[in-house]
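Participant: Structure for the following, please:
(3 chains)
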Amino acid sequence: MRVLDEALIASVAAGTLRAATPVIYAGLGAVISERSGVINLGLEGLMLTGACAAVGAQLAFGHWVTSLLIAALAAGIVGLAHAFFCVTLRASQVVTGLAFFFLCQGLTAVFGVSLVGRPVTLDVRPPLAALQSVPGLGPVLGEQDVMVLAAFLATAVVSALLFRTRWGILLRACGESATSAAAAGVPVRRIRLLAGLGCGMFCGLGGAHLSLFYAQQWQENMVAGRGWIALVMVIFGMWFPGRILLGAYLFGGLATMQLNLQARGVAVPQYLLATLPFAVTLVLLVLASWRLKRRSGWMPADLGNPFPPEIQGKD
Amino acid sequence: MAEARQTRMNENSTRVETVAVAFQHISKSFDAVVANDDVTFEVRKGSFHALLGENGAGKTTLVRMLAGELVPDAGVILVNGEQCRFRSPRNARARGIRIVHQHSVLIPNLSIAENFLLDGTEERQIPNMTVLCAKIRFEADKFGIPLDPRRAVWELSATQRQWLEVFRALFGGGQILILDEPTALLSLIEGDALLDRLRALTAGGIGIILITHKMREVLKFADTVTVLRKGRWVTTEAVRDVTEEHLAAMMVAADGAHEQVAPQRMAVKEGFSKLITVNSLSCTDHRGRQVLDSVGFVLSRGEVLGVAGVSGNGQGELARIVAGVERAFSGSIEQSSVRCLIRRYIPDDRIRVGTAATLSVRDNLTLRDFQLPPCSSWGLLNRSVVDKLASSRVSLFQIKTPSTTIPVSLLSGGNIQRVVVARELAGDPDLVVAHNPTAGLDVATAVFVRRRLVDVAAGGGGVLLISDDLDELIDVADRIVVLHAGRVAGVLGRSQFDRVVLAGLMSGATDRSIDTMNSAP
Amino acid sequence: MIARAAAVISCLALGLAAFATVIAIGGGDSIAVLRTLATGGASSVYGLTETVVKAIPVLLCALAAALPGRLGLVNIGGEGQLLLGAIGATFAIRVSPPMSAMPTLLVMALGAALAGAGWGLLPGTLRGLTRANETVISLLLNYVAGLILLHLIHGPWKDPASLGWPQTAALPESARLPGLWGTRIHPLLWFALASCVLLAILDRYAVVGMASRIIGANAAVARYIGLKVPLYYAIAFGLAGALAALGGFGELSGIQGRLRDGMSLGYGYAGFFVAWLFRNRFEWLPLGAFLFSFVITGADSLQAFSGMPFATVYLLQGLVFLAILGSTAGAKIIERRIVAASPSE
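Facilitator: Residues are numbered from 1 along each chain as shown, chains lettered A, B, ... in the order given. The predicted model follows:
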């Protein structure tokens, strides 16, 4: 019995890491954008773009690095376009995000027509496969693909970027108070546009992981809400990259649990279980919002505001 | 007299190499409003040059052009003899020009060191924060303000932030320092200390341009003064050659300066009932810091109770709590009457908080009335009644607007405030909370608003007037409560009104220590 | 004014061109697609009636988006609220005894409205109480609603006679909304139109309409003149949910005849788009809903005529959305003066 339990735990842990990865990447993208002052409600669409582009590229070229690059580039361009609408055209950030969500849904549905039903073969092995036999973490880490492991690195890098480099400080200044930053000579609009590009690229990578490594195929609307979950995880993590990991793992755990229980023949209502990640995300959002209502100091103060500012303040 | 002045000017201008900044025929307009009109004068190197004038004289606009934030419509600016066309603050900064604005531009959520990085003093991508922090700490100690650069700016008080702004301007090589009303948020004593420090800097060759409307500061600290009036240059003289009356005459426009509103006010009748009693009011801000601490006072009917204090000492929160807008506080506000008091609120941010900017003038004027008869009946709006009500208020309060259906945001600042006042003071309110009601208004509208507030009190209501303008409070209030650091520092009756005493209370000095610090202004 | 119209039209043209290009790259026949979308709805009488059929849920969802929209809130949960309506109506008929048509339909409508109102109240009240972003909440609830539906039709409500197809048993005759004039257009059409008219009247002439406008313009001001803003938020969202839910009821009872997957062709999102397009003005929504349904009806036959999936219409929606968004925003910049003087970079 103990062996079974261990195997179950390892399986769940491994599955958690895998399922959490797209959310981690998308969350990192969201942090970059929101810390610069632009809220991006099109995360789901960006992930879809990356997912579709990745599969298309893999089927066309067969090299995973190329596919990832193309996915990042495609989503990056869309992210830049979103930033363009919000920053240069000063359109409402909320409406722009939703519009891009619709657009990407349709875009990927159209481009993905020729990709549906074609499984992807990957030309890369899990890098830590040799560790499989190591007791404890071995089975958990051994089967993880490159991107899962790189997610940790990416989180550390983004964190360092935001809090220890000059660019990160400038970016955060734009998100805290664009007018003050501009008064100090910071190129606010340029930074926000670049942040949009970066956000798109990370979301594209997240989507790419989902389609290339996790599901290994393309399906219409396959991101299934992960983009929105990532958005909430950023709020819940109070815009700190490290804390996004927690939320992502929570999501990953819930998503894996359902699959694992089913595989073991436990009679569970699979669809109801599938609502758990969303329900938990909702609860987290409400908790975080309630906390922010009383102590709003954590949120980038200028988030959602166009620069230069409008006359009328909204509630 | 004028010729002597002109001769002095000519003498000064021939010594070009001593000139740090020269404004030549500078003009700037915003739409129809002329901010600067053919302004010409010079600032010598290493001088403490005051720029004096009333609100709206064009001082801020002028220096913003020097700092690279605005581009002149006409004229040239010379820095160290060279013509400069600054397209951005960065260009001006490259020339050693630094500006300290009236409102702090430090970013609260970032640390002090991070704020300093924004200026571009550190070019490397991965800055060595330890080295930077050590450097900042060292320089700050030298400047006279010990601080920990790793702390976030929001932890500092308003005074500390102001000093930090000045320090930041110098750190990284400011040669010409422009300060726009730096003592506006400081008490008398703190302000003098800052200006003293600045004067010491001029010995090292740094040029100071100080914008102020306080004559006292000019006479005490500056060596040269330029007076602007309604966008035009009036005079530039050495301070040792002028007197207060002379300067006052230069500053003031022909159509009357500070009109006194209250001389005809009678003392508050004894026996007028208490309106509200505020007990132990305390509250915290969104970071958990204590903003108000056990504030208590009594407001009577027929009284104008002034609240003085350096801005940022809890006035905003007090206004919102007493007006009934803010609910998160401890303590109580008891009212002495059984029925519900009609409370009205004139907020300090008239556009964002006082009006619904996208709605029409008519809608804004009737915001408090549309739900009740006769404006509505059986849940339906009576449009003609609403229109008539709005029109009557427009004429009664002399609001200049082409029609009542245009969005209220298109009106000028003064007229927007008239709309707010018209709406809030209509209908005989019991209690009116007014927070900086005349800030940034033209003289006529300011006087108008003050008169209306006094009328409310005369009619038996109570007015809580929270204001940064000490002159206004002294003019209009019956008693003044002074707030410092969220506490009541003192309460003065009309007979005790004294600028020095008030200044002392506002800066936190106790009654006793005021006597020893009572240096003649 | 003319400049703005010109900007919008030219951007729309640009959007359509982009649409055609994308189709071409994706391997489809652009001309065929455009033709199908533009004329599918009018190709026959059936096409026209189908347009009206689809316009009903779109209109109800547009109302669902516009009502909170007037208060400055974003309700993009029409999709989920509609599904909850269908679920609620199904539940109602499952628990109620057999009755004649009228009471049955009323009970179902009530069940739908209550379910939808409840679903809508979630984002509405949470926004009022905790400032939680109602957009994200209503959107997440869309996914949840879809999953609940799947659970029901695969599990407890599955029709054993359907040989494995995930759906409920067919509704009895009494539970079916009749079709008008021999078409599939059902009487909810009148309800939807009447709702538009009523809401438009309230908006213009009623005190609540004025109050809503104030809240939408500046919620802080609304609060301190005494309006109970969270209450307005909750009621608006509750009503919105009920309206969208009735659209679901209509689809269930008038069109599908049973609860199954794919009840909604993106009506919720379509409604949101229409409401945004017409600036939440109730009196314009019927026209918008009709226009949009016209295109959706055409999209129904996309698969047959051009091999492109139905989702192509989402692409068009997205491009049009962006075209109009971009052009109006850009025009505003050129027209309006920006208050804070900003330094050039």
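Participant: Most distant residue from the centre of chain B?
Facilitator: For chain B, the residue at maximal distance from the C-alpha centroid (Cα atoms, centre = their mean) is B:Trp378, at 45.8 Å.
Participant: residues from chain A in reach of chain B?
Facilitator: A:164-167, A:169-170, A:172-173, A:176-177, A:179-181, A:183-186, A:294-297, A:300-301, A:311-313 (Cβ under 8 Å from any Cβ of the partner chain). C-betas here are computed from N, CA, C, even on glycine.
Participant: Which ones among the residues you listed map onto helices?
Facilitator: A:164, A:166-167, A:169-170, A:172-173, A:176, A:179-181, A:183, A:294 (DSSP state H).
Participant: other SSEs contacting the host helix or strand of B:Val386?
Facilitator: Using DSSP states H and E, B:Val386 falls within helix B:383-396. Judged by 3 or more Cβ pairs under 8 Å, 6 or more residues apart in numbering or on different chains; DSSP states H and E, helix B:383-396 is in contact with helix B:361-365, helix B:413-425.
Participant: Pull out the buried residues from the residues of chain A next to chain B.
Facilitator: Buried by 16 or more other Cβ atoms under 10 Å in any protein chain shown: A:165-166, A:169-170, A:172-173, A:176-177, A:179-181, A:183-186, A:297, A:300-301, A:312, out of the residues of chain A next to chain B.
Participant: would you say A:Gly37 is within a helix?
Facilitator: No - if the criterion is DSSP: H, G, I helix; E, B strand; the rest coil, then A:Gly37 is coil and not within a helix.
Participant: what's the burial count for it?
Facilitator: 30 (other Cβ atoms under 10 Å in any protein chain shown).
Participant: ok, back up a step: between the helix holding B:Val386 and helix B:413-425, what angle do the directions make?
Facilitator: Interaxial angle of helix B:383-396 relative to helix B:413-425 (axes from the mean of the first three to the mean of the last three Cα atoms, to 10 degrees): 120 degrees.
Participant: what does helix B:383-396 contact?
Facilitator: B:361-362, B:365-366, B:369-370, B:374-375, B:399, B:401, B:404, B:422-423, B:426, C:205 (Cβ atoms under 8 Å, 6 or more residues apart in numbering or on different chains).
Participant: before we move on, back to that, tell me how far the residue farthest from the centre of chain B lies from C:Ile201.
Facilitator: B:Trp378 sits 13 Å away from C:Ile201, going by Cβ to Cβ, to the nearest Å.
Participant: Quick check: which ranges of the stretch 251-400 of chain B have low pLDDT?
Facilitator: The model of the stretch 251-400 of chain B has pLDDT under 70 over residues B:252-272, B:287, B:311-313.
Participant: ranges for the strands of it?
Facilitator: Using DSSP state E, counting those that start in this stretch, the strands found in the stretch 251-400 of chain B span residues B:274-284, B:290-300, B:304-308, B:330-335, B:343-346, B:376-377, B:380-381.
Participant: Dump the ones you listed to TSV, plus distance to B:Val79 and mean neighbour count.
Facilitator: Listed next are the strands of the stretch 251-400 of chain B as TSV, based on distance: least, Cβ to Cβ, whole Å; neighbours: other Cβ atoms under 10 Å in any protein chain shown:
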stretch	distance to B:Val79	mean neighbour count
strand B:274-284	47	19
strand B:290-300	43	19
strand B:304-308	40	27
strand B:330-335	55	14
strand B:343-346	44	25
strand B:376-377	63	16
strand B:380-381	60	18
